[in-house]
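**Q** take a look and give me a structure for this.
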Amino acid sequence: MPIDVEEFEESPEAELRAGGNGPTNGERVLAFLAAHDDQAFTPKEIRGATDVARGSVGVVLSRLEDRGLVRHRGEYWAIAPDADIDAALTSVHVARAASDRFGAEDPAEWGPGVDDSEDE
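**A** Predicted structure coming up:
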């Protein structure tokens with residue numbers, strides 16, 4: 001499906017996928033908050049602007065916060081002041097492309113010495 005030239009010129013490269021599965025919930029929330037970096041929003045407002053399911057918004061925001069990409073105070077959420085959004089979206093795109101091409105990773109296949117336990 002074609003896109004207009006303005007979208008082509010202004011969209012981060014990670015968002016310009018032909019065909020693909022579309023942006024993830026995290027990508028939607030991150031892109032929305034980055035586009036409104038001078039404002040903070042409630043989860044309800046974010047849900048309304050991004051069409052992310054009600055039960056998913058809180059989880060998505062928490063995961064983005066764990067990665068240092070968003071911040072919150074009280075009920076309001078905003079993009080983190082030093083978040084590198086383009087790098088984050090590019091990393092997601094690269095990981096998705098690798099999974100699509102090579103399949104999901106299984107740490108057990110990484111070879112000897114790989115241990116997920118924290119018993120050491």
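
**Q** which parts of this protein are strands?
**A** Applying DSSP state E to the chain gives strands spanning 70-73, 76-79.

**Q** redo those as TSV? Include mean pLDDT and distance to residue 64.
**A** To be clear about C-beta, it is placed using only N, CA and C from the backbone, and glycine gets the same treatment. As requested, the strands of the chain are exported to TSV (pLDDT from 0 to 100; distance: least, Cβ to Cβ, whole Å):
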stretch	mean pLDDT	distance to residue 64
strand 70-73	94	4
strand 76-79	96	9
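
**Q** columns distance to residue 42 and mean neighbour count on top of these, output as JSON lines?
**A** Below are the strands of the chain laid out as JSON lines (distance: least, Cβ to Cβ, whole Å; neighbours: other Cβ atoms under 10 Å):
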{"stretch": "strand 70-73", "distance to residue 42": "10", "mean neighbour count": "16"}
{"stretch": "strand 76-79", "distance to residue 42": "6", "mean neighbour count": "19"}
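
**Q** for residue 2, find the nearest of the ones you listed.
**A** Minimum separation from residue 2 across the strands of the chain (Cβ to Cβ) falls at strand 76-79, 29.8 Å.

**Q** so where is this structure shaky, pLDDT-wise?
**A** 1, 12-22, 85-120 (pLDDT under 70).

**Q** can you rerun that using 80?
**A** 1-4, 7-8, 10-23, 83-120 (pLDDT under 80).

**Q** what segments of it are helices?
**A** 5-10, 25-35, 43-50, 54-66, 85-102 (DSSP state H).

**Q** tell me which residues of stretch 36-52 come out buried.
**A** For stretch 36-52, the neighbour count (16 or more other Cβ atoms under 10 Å) marks 40, 41, 43, 45, 46, 47, 50, 52 as buried.

**Q** which residues touch that stretch?
**A** 25, 28-29, 32-33, 53-54, 57-58, 60-61, 72-73, 75-79 (Cβ atoms under 8 Å, 6 or more residues apart in numbering).

**Q** hmm, 7 Å instead?
**A** 25, 28-29, 32, 54, 57-58, 60-61, 75-79 (Cβ atoms under 7 Å, 6 or more residues apart in numbering).
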